[in-house]
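Q: sequence and predicted structure below; questions after.
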Amino acid sequence: MGLSAGWLEAPVECGSAAGFGLYLHVPFCHHRCGYCDFATAAVGDDDPAEVEVLLDRYLAALRADLVRQVGAGSWPALTSVFIGGGTPTLLGGVRLAALLAAVGEHLEVADDVEVTVEANPETVGPELLAALADAGVTRLSMGAQSLAGHVLTTLERGHGPDRPAQAVAEARAAGIAEVSLDLIYGTPGERDADWLATLAGVAALPVDHLSAYALTVHANTPFGREVAAGRMPAPDDDVQRERFEAARTVLGAAGFEAYEVANFARATRRVGPEGVAAPARSRHNLLYWRHGDYLGVGVGAHGHHAGRRWWSTRSTSAYLAAVEAGDRPVTGEEHLDDSERALERLLLGLRVREGLHPGDLPPIDPLALEDAVTAGLVEIACGRLRCTDDGWFLLDEAVDRLTA
Amino acid sequence: MTYPTERIRNFCIVAHIDHGKSTLADRMLQLTELVDPRKMRSQYLDKMDIERERGITIKAQAARLPYRPLGEVGEEYLLNLIDTPGHVDFSYEVSRALNACEGAVLLVDAAQGMEAQTIANLYLAVDADLEIIPVLNKIDLPAARPDEVAREIASIIGGRPEDVLRISAKTGEGVREVLDLIVDRVPPPKGSSDAPARALIFDSVYDSYRGTLVYFRVVDGELRPGDRIHLLATGFEGEIDLLGVHAPEETPIDALGVGEVGVLSAAIKDVAQAKVGDTITLAGRGAQTVPPLPGYREPLPMVFSGLYPVDSDDFPQLRDALDKLRLNDASFSFEPETSGALGFGFRCGFLGLLHLEIVIERLDREFAIPLVTTAPSVRYRVILEGPVDLETGEPRVMTVANPQDLPPVGQIAEIAEPTVTAMVLTPSDYVGRVMQLCEGRRGTMLAMDYLTEERVELRYQLPLAAIITDFFDQLKSMTRGYASLDYEVGDYVAADLVRVDVLLNNEPVDAFSAIVHREEAYAFGRSMVERLRELIPRQLFDIPVQAAIGAKIIARETIKARRKDVLAKCYGGDITRKRKLLEKQKEGKRRMKSVGSVEIPQEAFVSALRTTGPRPES
């Protein structure tokens, strides 16, 4: 298995077969949370008039960056668009609609394109949500993180425990087709009961999709410094494993499919007039896991095309300066060799529950495969290579052994 | 230019690490205008990278300084600066270098005061009858306390505190006065130019282009290029193809006479043929009857450690690397050994811990072979039960440098271990803690002297094994860095010793075995398994970690199976960071040693023993 040369040139589900996406980054937040190491900056305390000017400039820059990147190649029809941040909804409905209109102007868009906008529950309201739906947004992904008040406080979130449910209801009322919530588990101070209550709470909401991430403390964040100074306990691997298992159990029982290490799709979602719908997996997320191609536009955004990766500066001022001067804001790029692409294919593909199609598998040393299978980390089912239930949360070890 | 003996002064500088010896040497070179300022670099005499980085001198070197004292007219004097190593591991080399001199500058940091190593080397200098010139350095530092340190020096060497010169090697202040005092006080060399040639080897260095370079000081007679030389201890004979001096760059010379210091090469294959302390004489009929210069001895390894390649395929490369290292370090020894856990490797003997660290660092730097180093051990003497030796009628005795070679308990009549006489200099505030530390390491107090009201000299007899792990670190940390240590090797003393073994996943890992005192075995075993639980990363299954004496388990811990190993979300399509993290982890795993089914990080083999032993309260 895995010895066909077609894994790069003629993939079945991966690479160019996975679709084509666009990521747009909005690097602004009201407040920067203590655990956050994304490319974003807090503008909550700035002069509102100046912020408006900054947002206009940024929108113009995104448009110019998009036009430049699109012009540099020829692209298939977009299957997914993801506007992430930061807090993209800080741009407001008018700017977001203008941005999406620009996308449609410069790129071909598939009929069933998935258009996701990220938001914080406290930054949306009926008016904005209606504007998003009108602009073609099909999916809203909100950072709920937890339904326990003290956990939200630790995470420095701007909303209370009741707000996510209201925001979900408002999104539904506004006609947004799919609603997803992000959750974080393993926050210092979070108890088993907090997490179980959060899981039960979100599962009972009319959401189609949930993402549940183990809290990762990065050294260059306030949390990282608190942990290094011994003032905050480091996240405990065993606790995070237990929370992961709890999520699989509780959400599974509530009708969610655990389709990726951190993502759950409602398998029994409402059936529309067209008939039975598939589970509400995030297409844009799957694009990443299936090694697909995407453009990355905006501060700190990454793009990928056929083994070439590139990324823009993480500094908003540097980004604006470069784009406004007509220069590329790109500060890094790499061309992956076959072994790096093989490593990525496994690293990404095995995050998905059904793993990799045999036609998409890079060559694997038979002894390495036997070792990973014997260690109980991966299994072969219907020719596909996938993680075992136990190996899923030990994926890095699995990949390490497969590429030994 | 040749110099009559009455205008020659041979001297060295006795100083502690960081007290400014190399800076003073640099200043002296500048004052005598021998070094082109454009070529001047700091620590001019220290040629090895490790020396410059660590700021220490490992190999002795020499420089020839023509000098005319201020206000004098007439001929120049020739000052030979013989640079000596400063560490206890190399005290034999120090003693030979001192024997090549008539005077020693005792250089002491005016802020730090005297240190044990300095005192030990000072005693060696006094034993060698050298004229001592006491100098206080770094008087420009705000923390300098020159009056107090001068009193300290005077109380140790005798004389008056006001006779101690005060200089700053950094600014150059007082350096000329040091040179003037050397001319004035250090006696000229004594020796007979008519006697058969005799020269003392105080260092030999392997040079990959020229073979071994021998540093020597002529005692009697004369050496010339083309002379056929004979070395009394090793029996080597060869023709001098290069005779030179360091001025300070190497310069050929046509003769070196009584008292002069120089370097020669004579197609000497490796440094083991030209050992420090050996006597050079001229080959020919009388060579065997020339009396050797006193003080020669064979280097004696004191500390032993197993060196194993992480990847067993590297074994031949490791052997080559050790062969090459031995070309220029005759004082370290190695022989092949096998370990059930680590495979094929070498048991290496070193003069001391610093020597061990230097060799390991050089292996890493010059040969880049990933290595596992086992915890250092000493050489035990084991008297066996059972039949006596048929020839001597005495009980049979074996030496054990590797704990895994210790015979079963039933075959052992007695185990004796090497001891040292340790000298600790400490501020008086910390005397109690230092005594507690020494007694916790099975030390016996021999003496306690107040050098001044603030400084105390403690002498202890201690097992060598008790000071080769973390004694020095502990001593430093409990005295805020103020105490210093020196030791000399003492006798073998019988002790109640047992071997503690470590089992990982129920399999003994011989590389973790250690010989310890029976009373300390439980504490040792406990701390060992606790350390290993910390040092060995969690793996896919539970790993019991046990310490045992024979079949008896004395401590147990479990390394719980790893349950999470997946990188968090990848944001905005940033796969690069995730892949790089994984590649880095992979690199880390490559540096682990698989023992049975358990992956053990390289550093665990040494670190497991690092912070053992009772930790006195601070």
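A: Received the coordinates, thanks.

Q: from now on I want contacts and neighbour counts done on CA atoms only, so please keep to that.
A: Fine.

Q: what are the buried residues along stretch B:223-232?
A: Judged by neighbour count using 16 or more other Cα atoms under 10 Å in any protein chain shown, the buried positions of stretch B:223-232 are B:223-225, B:227-232.

Q: and stretch B:484-498, by the same measure?
A: Within stretch B:484-498, the residues scored as buried using 16+ other Cα under 10 Å are B:484-487, B:492, B:494, B:497-498.

Q: now B:R441, nearest residue through space, not along the chain?
A: Using Cα to Cα, 6 or more residues apart in numbering or on different chains and skipping the chain neighbours, the partner closest in space to B:R441 is B:A466 (5.7 Å).

Q: hmm, the one you found is touching B:G440, no?
A: No - the pair B:A466 / B:G440 is not scored as a contact, 9.3 Å apart, by Cα atoms under 8 Å.

Q: comparing these two, which residue is more hemmed in?
A: B:A466 (21 against 15; other Cα atoms under 10 Å in any protein chain shown).

Q: now do the phi/psi pair for the more buried one.
A: phi -80, psi -20 (degrees, to the nearest 10).

Q: repeat for B:Y77
A: Dihedral pair for B:Y77: phi -100, psi 160, per degrees, to the nearest 10.

Q: ok, it touching B:L70?
A: No - contact criterion Cα under 8 Å: B:Y77 and B:L70 do not qualify, at 11.8 Å.

Q: which bits of the stretch 401-550 of chain B sit near chain A?
A: By Cα under 8 Å from any Cα of the partner chain, the part of the stretch 401-550 of chain B that sits against chain A consists of B:L540.

Q: so the nearest residue to B:P252 once chain neighbours are set aside bridges to which residues?
A: Spatial nearest neighbour of B:P252, chain neighbours left out: B:G244 (4.1 Å); criterion: Cα to Cα, 6+ apart. Judged by DSSP bridges, the bridge partners of B:G244 are B:P252, B:V263.

Q: and the gap between B:G244 and B:F471?
A: Note on B:G244: its distance to B:F471, by Cα to Cα, to the nearest Å, is 43 Å.

Q: break the chain into its domains for me.
A: Since you didn't name a chain, this refers to chain A. A:6-289, A:364-404 (automatic domain parsing).

Q: chain B, not that one
A: Split by automatic domain parsing, chain B gives B:5-185, B:198-289, B:303-373, B:380-495, B:498-607.

Q: quick one: what helix or strand has B:E152 in it?
A: For B:E152, the element it lies in under DSSP states H and E is helix B:146-157.

Q: wait, doesn't B:D574 sit right on A:H304?
A: No - with contacts defined as Cα under 8 Å, B:D574 does not count as touching A:H304, sitting 9.2 Å away.

Q: which one's more surrounded, the two?
A: It is A:H304, of B:D574 and A:H304, that has more neighbours when counted by other Cα under 10 Å, with 25 against 20.

Q: output the host helix or strand of B:V545 as CSV, nothing but the C-alphas.
A: Assessed by DSSP H and E, B:V545 sits inside strand B:543-549. In CSV, the C-alpha atoms belonging to strand B:543-549 read as follows (Å, rounded to 0.1, in the frame of the first residue of the first chain):
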residue,chain,number,x,y,z
ILE,B,543,7.0,1.8,32.9
PRO,B,544,7.9,0.6,36.4
VAL,B,545,11.2,2.1,37.6
GLN,B,546,12.8,0.2,40.5
ALA,B,547,15.9,0.3,42.5
ALA,B,548,17.3,-3.0,43.9
ILE,B,549,20.1,-4.4,45.9
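
Q: which of the residues in it are buried?
A: Along strand B:543-549, these residues count as buried under the neighbour rule (16+ other Cα under 10 Å): B:543-549.

Q: how about the lengthiest helix in chain A, does it reach chain B?
A: Ordering each helix of chain A by length in residues (DSSP state H) puts helix A:48-71 first. No - if you take Cα under 8 Å from any Cα as the test, helix A:48-71 misses chain B, and the best it gets is 15.1 Å.

Q: wait, A:R290 touches A:A18, no?
A: Yes - in terms of Cα under 8 Å, A:R290 counts as a neighbour of A:A18; the distance is 6.2 Å.

Q: more neighbours: which of the two?
A: Neighbour count, other Cα under 10 Å: between A:R290 and A:A18, A:R290 has more, with 28 against 21.

Q: mind checking how far the closest residue to the more buried one other than its chain neighbours is from A:D365?
A: Using Cα to Cα, 6+ apart and skipping the chain neighbours, the partner closest in space to A:R290 is A:C14 (4.6 Å). According to Cα to Cα, A:C14 stands 21 Å off from A:D365.

Q: when these two are compared, which one has more neighbours?
A: Taking neighbours as other Cα under 10 Å, A:C14 and A:D365 compare with A:C14 leading, 26 against 16.

Q: what sits against the more buried one?
A: With contacts defined as Cα atoms under 8 Å, 6 or more residues apart in numbering or on different chains, A:C14 is in contact with A:290-292, A:360.

Q: I'd like to know how far it sits from chain B.
A: Between A:C14 and chain B the computed distance is 15 Å (Cα to the nearest Cα, to the nearest Å).
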